[in-house]
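My questions concern the predicted model and sequence given below.
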Amino acid sequence: PPAAGAELSGVFQNMQMTECYFTNGTEKVRYVQRYIYNRMQDVMFDSDVGHYVGFTPFGESCAKDWNSNPVIMEQQRTAVDWLCRNNYEASRPFITERRVPPSVSISLVPPSSSQPGPGRLLCSVVDFYPAA
């Protein structure tokens, strides 16, 4: 952070996101990798598409280069298995079998000057998993 009173000359964000989408366990798996610069997606690989797609001039240039590189394309096309399915199996006990019972509390909310009349009951249910 800048010193007290100093202003930032600019803030830049460069981000890469990797996502795995699972349907019915690992029966259908989709791998997506996104490159984002300053909240704008430049380029993306989607295993359902099978190649990089550029969304900006820079992203189109990257996509062209990466799509023509057989080593990069082999790595991306096989990521469904070595990244997504592999991590799913390692994480499955924590993400599909995890159960945390809810903590329930009931409290009386007394009437106020802005809401006269009888008090209300407030039921709070927190700290549970899965949400459903």
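Nice, I can see it.

Counting neighbours, which bits of the helix or strand harbouring Asp42 end up buried?
Using DSSP states H and E, Asp42 sits within strand 40-46. Using 16 or more other C-beta atoms under 10 Å as the test for burial, strand 40-46 gives Gln41, Asp42, Val43, Met44, Phe45, Asp46. No exception for glycine: its C-beta is placed from N, CA and C like everyone else's.

Which members of those are the farthest-apart pair?
For the buried residues of strand 40-46, the maximum inter-member distance is 14.2 Å, found between Asp42 and Asp46 (C-beta to C-beta).

Quick check: next helix or strand after the lowest-mean-pLDDT helix or strand in the chain?
One helix or strand of the chain scores below all others by mean pLDDT, DSSP states H and E: helix 86-95, with a mean of 86. Downstream of helix 86-95, the next assigned helix or strand under DSSP H and E is strand 103-109.

counting contacts, what elements does that following strand pack onto?
strand 120-126 (3 or more C-beta pairs under 8 Å, 6 or more residues apart in numbering; DSSP states H and E).

Report the contact partners of the residue most central in space within the chain.
Among the residues of the chain, the one closest to the centroid is Glu19, at 6.7 Å (C-alpha atoms, centre = their mean). With contact set as C-beta atoms under 8 Å, 6 or more residues apart in numbering, Glu19 has these partners: Tyr31, Val32, Gln33, Arg34.

Can I take it that it is in a strand?
Yes - judged by DSSP: H, G, I helix; E, B strand; the rest coil, Glu19 forms part of a strand.

Please tell me how far it sits from Asn87.
Plainly put, Glu19 is 12 Å away from Asn87 if you go by C-beta to C-beta, to the nearest Å.

and Glu19, bridged to which residues?
For Glu19, the beta-bridge partners are Val32 (DSSP bridges).

From Gly54, how far out is the residue at the greatest distance from the centre of the chain?
Distance from the C-alpha centroid of the chain, by C-alpha atoms, centre = their mean, peaks at Gly117 (45.1 Å). Look at Gly117 and Gly54: by C-beta to C-beta, they are 61 Å apart.
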